[in-house]
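Participant: The following comprises the amino acid sequence and a computationally predicted model.
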Amino acid sequence: MKVIIVGGVAGGATAAARIRRLDEHAEIVVFERTGYISYANCGLPYYIGDVITDPEELKLQTPESFFSRFRIDVRILSDVISIDPKKKEVTVRDLKNNTEYTESYDKLLLAPGAKPSQPALPGIGISGLFTLRTVEDTFKIKEYINKHGPRSAVLAGGGFISIELAENLRGLGIDVTIVQRPKQLLNPFDPDMASFVHAQMRRHGVGLRLGYTVEGFEENAGGGINVLLKDNEPLKADMVILAIGVTPDTGLAADAGLELGIKGSIAVNDRMETSIPDIYAVGDAVQVKHFVTGLDTLISLAGPANREARIAADNICGGDSRYQGSLGSSVVHIFELTAASTGINESTASKAGIKFDSVILSPLNHASYYPGSTAMTMKVIFESDTYRLLGAQIIGRDGVDKRIDVIAAAIHAGMKADELKDLDLAYAPPYSSAKDPVNMAGFMIDNIKHGILKQFRLDELMSLPRDKSVTLLDVRTKEEFDRSGHIDGFINIPVDELREHADELDPSKPVYLICQSGLRSYIAMRILSGLGFDCYNFAGGYGFYSSVENDRRMISE
């Protein structure tokens, strides 16, 4: 059996190694148009920022190491320019000497990845304007920084690469501004959770122009680049990096007549087979099913690409492996913070027509009495009627990644949201609490299920009547109420004094409660509920409210 693989990196290289492990006699040829067969593309921003200092560390494999270990024929700087499915041949252009030749195959695997989105804007291609996708792109950016010493940079786009670039460029002392057409960074997060990301970026001197549209670029007469913004003054920068997303690189597949999916991606089944027999496809170029919604989607992440590659390799070698869909689990480092998500957010649930609810909590990453504990903000989303887990978003300093992984595993296992309370998770004071944050989310959802907890949310807060028909109650201490600010219309009775003052409240009126994080107001809610009051607890607490409202003000300014 002769297998040709088009593209290396996560998908192609993984598939090649798996095929060899399953079939010692297969002839395997990998074509890669760049000069690098397998590299750490997720580490590219960290090389730019001098976190990774040795460029050799970016190379996970070389053609020589691949051949030595697996006897795989790797041909770099080789661009597959056409496929003839009837003849089962590919045409290859050798970029080193600009010659062309054909190569036959029994099985063909496409792993072309994605390319940076480059809209047809005026000024594309001018000096100092870059995209970041390959090792070569990284070296060009790094060389420009070393040679020209730019003092300012504009990043067009607000996704993962842009966030990582911003952090690393700031580490080099470069002033950074991110321009993003949507009014938030990191689309997997809901706007309220994204407010914590925005605050962290601003805290570290990153300028945010959210809700702004880039219309083009032009060279500045005094040097640098003018970034042209719709209905706003241009931004001037010494360099610009386009990080506005990626597009499936599927021109080769389209020309060969393969069926395409959303945004021009390659349509595959759960065996990673395309519409033409003996041709498979994996990675950023393919359309997959979302594990939660079951809808077609694009997931440009290394984890799914590796799993798809293994499945395709199994099936090429006569197996029957199936791809169960992607959760889109992701994590990103933002200066001292970590932001992670899995599953779907509230926006996606709404678009999919799923009725949902959520809990917001701010637990500590480990036992409060052990030095160094810090709070994280968690949002867990579930289906209202069935309590099916839909997704989660977590932002904090330490312990974020392991909690998001636990919830991702729970979603994949089909657990109900309230069953998070039953997970038996490891505990020691330096690592967690006896009631882990994931358990705490499950306790809250279980309380909702049994009517013990009733919530109200940010979008309901400002519409609450400020008359005598309801009681608005802030149960923080008087010092917190006065010093940290409070919401107009709320009266202050600290939770520890509530029983003594309960007779001052009208039991015929519903009570809407708030505290700093939602915990003390929940305790107050249970006190008053036990005395016959109808109570509602604010989801997230005053700290959550303050972060979101401050972010909204800054975006609107």
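Facilitator: Sure, I can see it. What you see is a predicted model, and the numbers here were worked out from it, not measured in a lab.

Participant: mind checking which helix or strand of the protein has the lowest mean pLDDT?
Facilitator: Lowest on mean pLDDT, DSSP states H and E among the helices and strands of the chain sits strand 38-39, with a mean of 74.

Participant: ok so residue 247 is a helix residue?
Facilitator: No - counting by DSSP: H, G, I helix; E, B strand; the rest coil, residue 247 is not found in a helix; it is strand.

Participant: Look up the residues forming beta bridges with it.
Facilitator: residue 115 (DSSP bridges).

Participant: close enough to count as contact, it and residue 264?
Facilitator: Yes - if you go by CB atoms under 8 Å, residue 247 and residue 264 touch, sitting 7.1 Å apart. For the C-beta atoms, the positions are set from N, CA and C on the backbone; glycine is no exception.

Participant: Output the below-cut-off pLDDT ranges for this protein.
Facilitator: Scanning the chain with the threshold set as pLDDT under 70 gives no residue ranges.

Participant: Please parse it into its domains.
Facilitator: The record's domain parsing of the chain by automatic domain parsing lists 2-115+247-316, 129-244, 336-449, 455-539.

Participant: Quick check: end-to-end length of the last one?
Facilitator: Domain 455-539 stretches 6 Å from its first residue to its last (CA to CA, to the nearest Å).

Participant: now swap in the longest one and tell me
Facilitator: From the first residue to the last, domain 2-115+247-316 extends over 10 Å; the measure is CA to CA.

Participant: So residue 241: helix, strand or coil?
Facilitator: In three-state terms, and counting by three-state DSSP, residue 241 is strand.

Participant: So it versus residue 515, what's the distance?
Facilitator: Taken as CB to CB, to the nearest Å, the spacing of residue 241 relative to residue 515 amounts to 43 Å.

Participant: try residue 502
Facilitator: Taking CB to CB as the measure, residue 502 falls 16 Å from residue 515.

Participant: Provide the secondary structure category for residue 391.
Facilitator: Assigned with three-state DSSP, residue 391 falls in the strand class.

Participant: got the contact list for the residue positioned nearest the centre of the chain?
Facilitator: Ranked by distance to the mean C-alpha position of the chain (CA atoms, centre = their mean), the top residue is residue 330 at 4.5 Å. Under the criterion of CB atoms under 8 Å, 6 or more residues apart in numbering, the contact partners of residue 330 comprise 160, 188, 301, 340-342.

Participant: Next: residue 207.
Facilitator: Going by CB under 8 Å, 6+ apart, residue 207 touches 175-178.

Participant: before we move on, what about residue 195?
Facilitator: The neighbours of residue 195, taking CB under 8 Å, 6+ apart as the test, are 547-548, 550-552.

Participant: Which positions in the helix or strand hosting it come out as buried?
Facilitator: In this structure, residue 195 is located in helix 191-203 according to DSSP states H and E. Across helix 191-203, burial judged by 16 or more other CB atoms under 10 Å covers 191-201.

Participant: which of these lies closest to residue 465?
Facilitator: Of all the buried residues of helix 191-203, residue 192 has the smallest distance to residue 465: 23.0 Å, by CB to CB.

Participant: I'd assumed residue 457 was in contact with that closest one.
Facilitator: No - here residue 192 lies out of contact with residue 457, judged by CB under 8 Å, at a distance of 9.1 Å.

Participant: thinking again about what came up before, and the contacts of residue 207, which of them are in strands?
Facilitator: For these, membership in strands holds for 175-178, with DSSP state E as the criterion.

Participant: With distance to residue 71 and neighbour count added, can I get those in TSV?
Facilitator: Putting the ones in strands among the contacts of residue 207 into TSV (distance: CB to CB, whole Å; neighbours: other CB atoms under 10 Å) gives the following:
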residue	distance to residue 71	neighbour count
175	50	16
176	46	24
177	50	20
178	46	25
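
Participant: Turn the residues you listed into JSON lines, columns for distance to residue 235.
Facilitator: What follows is the ones in strands among the contacts of residue 207, written out as JSON lines (distance: CB to CB, whole Å):
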{"residue": "175", "distance to residue 235": "11"}
{"residue": "176", "distance to residue 235": "11"}
{"residue": "177", "distance to residue 235": "6"}
{"residue": "178", "distance to residue 235": "11"}
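
Participant: Between these, which sits nearest residue 43?
Facilitator: Using CB to CB, residue 176 is the member of the ones in strands among the contacts of residue 207 that lies nearest residue 43, at 19.3 Å.

Participant: residue contacts, the closest one?
Facilitator: 152-155, 165-166, 169-170, 205-207.

Participant: wait, which of these is closest to residue 269?
Facilitator: Distances from the contacts of residue 176 to residue 269 were compared by CB to CB; the smallest belongs to residue 165, at 35.9 Å.

Participant: OK, contacts around that closest one?
Facilitator: 45, 48, 132, 155, 176, 241, 243.

Participant: Just flag the most distant two among those residues.
Facilitator: By the measure CB to CB, these have their two most distant members at 132 and 176, which lie 13.9 Å apart.

Participant: quick one, strands of the stretch 101-250 of the chain?
Facilitator: In the stretch 101-250 of the chain, strands defined by DSSP state E, counting those that start in this stretch lie at 107-110, 114-116, 129-131, 152-156, 175-180, 207-210, 214-219, 225-229, 232-237, 239-242, 246-248, listed in chain order.

Participant: Could you double-check that residue 112 sits in contact with residue 250?
Facilitator: Yes - at 6.8 Å, residue 112 counts as touching residue 250 under the criterion of CB under 8 Å.

Participant: Can you check which residues contact both of those two?
Facilitator: In terms of CB under 8 Å, 6+ apart, residue 112 and residue 250 are both contacted by the residues residue 285.

Participant: Make JSON lines from the strands of the stretch 101-250 of the chain and add distance to residue 484 to it.
Facilitator: Putting the strands of the stretch 101-250 of the chain into JSON lines (distance: least, CB to CB, whole Å) gives the following:
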{"stretch": "strand 107-110", "distance to residue 484": "56"}
{"stretch": "strand 114-116", "distance to residue 484": "43"}
{"stretch": "strand 129-131", "distance to residue 484": "43"}
{"stretch": "strand 152-156", "distance to residue 484": "33"}
{"stretch": "strand 175-180", "distance to residue 484": "29"}
{"stretch": "strand 207-210", "distance to residue 484": "24"}
{"stretch": "strand 214-219", "distance to residue 484": "38"}
{"stretch": "strand 225-229", "distance to residue 484": "36"}
{"stretch": "strand 232-237", "distance to residue 484": "34"}
{"stretch": "strand 239-242", "distance to residue 484": "38"}
{"stretch": "strand 246-248", "distance to residue 484": "42"}
